[in-house]
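In: I need the structure of the sequence given here:
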Amino acid sequence: MMAKIDQEEKNKIKELFTKNLKDEVNLLFFSKEEDCQYCGDTEEILDEVTALDERVNFETYLLGSDKAEEFGVDRAPAIIFLNNEGQDSGVHFYGIPSGYEFTSLIEDILDMSDKDRIDLAEDIKKEIMAIDTDVLLQVFITPTCPYCPRAVRVAHQMAMINPKVRGEMVEAMEFEELSASYDVSGVPKTVINSGADEQVGAVPAKTILKKIKNLAVAAS
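Out: Model (predicted):
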């Protein structure tokens, strides 16, 4: 069986983990038994990444299991990051984190382990913390898109900072129906609150923040 991650890359990640990991990082992986082209590959990626440091762990569940029910997961492959209390952190991946998105997975693990690493300006962090309505950010990507990880990282960092925010990476080709329902023709595309607003392209956190605030004002 071919390794998904080459040895040189593994050495680099291992070194990053050794230097930067503080808290343990626990992930849940959801797969399904059939009609899931990338479930096996996604599990192999997680196997190889988590083998590099004992502080990074994952558990595997099937769709339809109690765990999937508990976390509201209805599509696979899915990766959910847990917070320190073992609850859903709001950082989700739907689809294989390969190509450029592999970086998002590694960066998320590092950020989740040490929140001080989150590279957003302090005033932006404060504003994200102040969001007091539930926000869903679905970032549609393809693995070959070099700008997509920036958009994914913004959504995921917001979720790490504020439990009311859920940030989802969605691989557009694997979830074609969902992509079609939001008219995804170019990536990255961030869909806010199931279509209440959207943003095409990789933009800074403050641009997304502004849209979230405008929606909150409109709703109040």
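
In: where do the helices of the protein begin and end?
Out: Applying DSSP state H to the chain gives helices spanning 7-20, 39-50, 66-70, 101-113, 122-129, 148-161, 176-181, 205-219.

In: mean neighbour count, those helices: which tops it?
Out: Mean neighbour count (mean count of other C-beta atoms under 10 Å) peaks for helix 148-161 among those, with a mean of 26. (Each C-beta comes from the backbone N, C-alpha and C, glycine too.)

In: which elements pack onto that one?
Out: Secondary-structure packing of helix 148-161 (3 or more C-beta pairs under 8 Å, 6 or more residues apart in numbering; DSSP states H and E): strand 88-94, helix 101-113, helix 122-129, strand 135-141, strand 165-171, strand 189-192, helix 205-219.

In: quick one: residues contacting the closest residue to Ala216 other than its chain neighbours.
Out: Of all residues not flanking Ala216 in the chain, Thr133 sits nearest, at 5.3 Å (C-beta to C-beta, 6 or more residues apart in numbering). Listed by C-beta atoms under 8 Å, 6 or more residues apart in numbering, the contact set of Thr133 reads 164, 216, 219.

In: beta partners of Met169?
Out: On the basis of DSSP bridges, Met169 is bridged to Phe93, Val139.

In: okay, it: pLDDT?
Out: According to the prediction, Met169 has pLDDT 98.

In: so it sits right up against Val139, yeah?
Out: Yes: using C-beta atoms under 8 Å, Met169 is in contact with Val139, at 5.5 Å.

In: circling back: nearest to Ala68, out of the helices and strands packed on helix 148-161?
Out: Nearest of the helices and strands packed on helix 148-161 to Ala68, taken as C-beta to C-beta: strand 88-94 at 12.0 Å.

In: tell me what the closest one is packed against?
Out: Short answer (3+ C-beta pairs under 8 Å, 6+ apart): strand 88-94 packs on strand 78-82, helix 101-113, helix 148-161, strand 165-171.

In: how about residues contacting the first one?
Out: Same thing as strand 78-82. If you take C-beta under 8 Å, 6+ apart as the criterion, strand 78-82 is touched by 25-30, 42, 46, 58, 71, 73, 88-89, 91-94, 97, 105, 108, 112.

In: same thing but 7 Å
Out: Here strand 78-82 makes contact (C-beta atoms under 7 Å, 6 or more residues apart in numbering) with 26-30, 71, 73, 88-89, 91-94, 97, 108, 112.

In: show me how far the lowest-mean-pLDDT helix or strand in the chain is from its chain's centre.
Out: Lowest by mean pLDDT, DSSP states H and E among the helices and strands of the chain is helix 205-219, with a mean of 94. The chain centre lies 20 Å from the centre of helix 205-219; the measure is C-alpha atoms, centre = their mean, to the nearest Å.
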